[in-house]
Structures are given as structure tokens and as C-alpha cells.
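Q: With the sequence up front, the predicted model follows.
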Amino acid sequence: MREILLNIYYRLDRHFGPRGWWPAETPFEVCVGAILTQNVAWSNVVKAINGLKEVDLLSTGAIYRSPSGTIAPIIRPTRYFNQKTLKLKDFCSLVVEQYNDDIDLLLALPAGQLRKKLLGVRGIGKETADSIILYAAGQPVFVVDSYTQRIFSRLGIVSPDEGYDRLQEFFTRYLPQDVQLFNQYHALIDGAGNRYCSATSPRCGECPLAGLCKYA
DNA sequence: GCCCAGGGGGCTC
DNA sequence: GAGCCCCATGGG
């Protein structure tokens, strides 16, 4: 199975090249992006993050102190902006109140402890927590998303109704625990999911995995 | 005008 | 623990 998963990785890697994830200037910006990208296209997140930068609100302290009425209009392009405003403020509260406003202290926790802390924040679920651990903290956890589920079930490798935890265990069991590998693999899955393996109108003819895929 | 995109929480049973 | 609703913009 390890060879199969690495074969898929190499096919995608040759096709897409280095994806350079996560596109962010700081670990905190990764965290903000991970929350704002929930159920929305990344292009909308860019607008919101740029908007926060323009008014100098892209910091834990600033978001912590700013009223929701200031934040919400700026992140409006990311949809669910009222809920996401609360999510950002709750995350920043954790950093400010429990880690002396030093996000590096939080991100330095061992992955298991960090995950529990993050999952305790309203609005941070498994995928968002694992994205933060991998892309902001630089610790090797495999990030699962809906594309992972769709692509690998269409490949016939996992069951279509496999849950998050079981999918994560699967990749963790068979792949080397390597931050760079996990980083690029998730980014490649996203690329394939976005461009070729959509739910409603897949473009299997152009997909680099078509030769391996029962669905194609 | 219609469809849907890198989720998560809360509720019900 | 599965199923369902809520949230509520922008681009194709």
C-alpha cells in the first residue's frame, strides 16, 4: 500500500510541481486562512486577509481587542462572516489569554496536545486543526479533506463512507512521517480535487491519475 | 438565474 | 454516531 500511495504522490507531483503551501507570510496568517477557507474558495480568503492587513488587523491582539462589528465587514467575502468573526476572536482569545499573546508558544506544543487545544476552540474542527498543525506549526500530521475522501474512494482504495479519523490513520500508517511529504501531498490532492475530480463534473480525461482510477 | 465551493456546530433520534 | 439544518459570498 505504501508503494501505491507513493506512486499516486509522484504522479501528482510530476503533474503539478511544487505547490508551495501554505501561501502565507506568517504562522498566524496560516491560522487565519485555515479558519476563513472553511467551505469557501481560496480566492475569497485572499480578499479577506488583504483587507485585514490594510487596516492593520492581522494580529492576535488586534483581532482580540476589535469589536465584531469591525472584523465582520472585512471578512465578508469568505461567507459565514458573522460566524467566522467569532471563530477568529475565539482563536485569538486562546493565544492572548493562555499563551501571553505569543502564538509560537502555542504552536510549539507537541502535536497531540496542540490538537486538543485547537479542537477546544469554537469553530476549529479536525481538518482546520490539522491544517494549523501541519502548515503553521510544521509538525507531521496528515490533513484529510473532502477531496481526499472523493479521490481515494474513486481510486478504489478506501470506502466512500470512511470517516475523517480512519482516513487519517490510513495515510499515517502507510506513509513516512515527513512534514514536507505531508505538506505537498495534501496540496497535490487539493489541486487534483479542484481541477479534475469535482463532485459533479469531473474531468477525468486530463487527470494524471486516470490510468489508476476505476471511476475514470 | 442557478449552482456550488478545501467545514463546523447544534440539534434530534 | 448518523442525519439534517444553519450559516449566507462570489464566480462560473
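A: Yep, that arrived. Numbers count the residues shown, from 1 in each chain, chains lettered A, B, ... in the order given.
Q: Can you name the residue of chain A nearest to DNA strand B?
A: Residue of chain A nearest DNA strand B, by CB to the nearest atom of the strand: residue A:125 (2.6 Å). Glycine gets a C-beta too; all of them are placed from N, C-alpha and C.
Q: wouldn't that residue be in contact with residue A:118 here?
A: No - Residue A:125 lies out of contact with residue A:118 (CB atoms under 8 Å); the separation is 9.2 Å.
Q: Which of those two has more residues huddled nearby?
A: Between residue A:125 and residue A:118, counting by other CB atoms under 10 Å, residue A:118 is the more crowded of the two (26 against 12).
Q: Residue numbers of chain A in contact with DNA strand C?
A: Selection of chain A residues close to DNA strand C by CB under 7 Å from any atom of the strand yields A:39-41, A:43-44, A:76-77, A:79-83, A:163.
Q: Any stretches of chain A with poor pLDDT?
A: The model of chain A has no residue with pLDDT under 70.
Q: how does it divide up, domain by domain?
A: Residue ranges for each domain of chain A read A:2-20+A:142-212, A:27-135, as given by automatic domain parsing.
Q: of all those, which gets the most neighbours per residue?
A: domain A:27-135 (a mean of 18; mean count of other CB atoms under 10 Å).
Q: Straight-line length of that one, end to end?
A: Domain A:27-135 has an end-to-end distance of 8 Å (CA to CA, to the nearest Å).
Q: Ok, stretch A:188-207 next?
A: Stretch A:188-207 has an end-to-end distance of 12 Å (CA to CA).
Q: give the contact list for the single nearest residue of chain A relative to DNA strand C.
A: In chain A, the residue that lies nearest DNA strand C is residue A:82 (3.2 Å; CB to the nearest atom of the strand). Shown in contact with residue A:82 (CB atoms under 8 Å, 6 or more residues apart in numbering): A:68, A:72.
Q: is stretch A:81-101 up against DNA strand B anywhere?
A: Yes - for stretch A:81-101, a contact with DNA strand B is found by CB under 7 Å from any atom of the strand, at residue A:83.
Q: Now do that stretch: distance to the chain's middle.
A: Stretch A:81-101 sits 18 Å away from the centroid of its parent chain (CA atoms, centre = their mean, to the nearest Å).
Q: repeat for stretch A:99-115
A: Stretch A:99-115 sits 18 Å away from the centroid of its parent chain (CA atoms, centre = their mean).
Q: got the contact list for that stretch?
A: Applying CB under 8 Å, 6+ apart, the external contacts of stretch A:99-115 come out as A:27-28, A:31, A:60-61, A:64, A:94-95, A:98, A:117, A:129-130, A:132-133, A:136-137, A:139-141.
Q: try 10 Å this time
A: Contacting residues not belonging to stretch A:99-115 are listed as A:26-28, A:30-31, A:59-61, A:64, A:91-92, A:94-96, A:98, A:116-118, A:124, A:126, A:129-130, A:132-134, A:136-141 [CB atoms under 10 Å, 6 or more residues apart in numbering].
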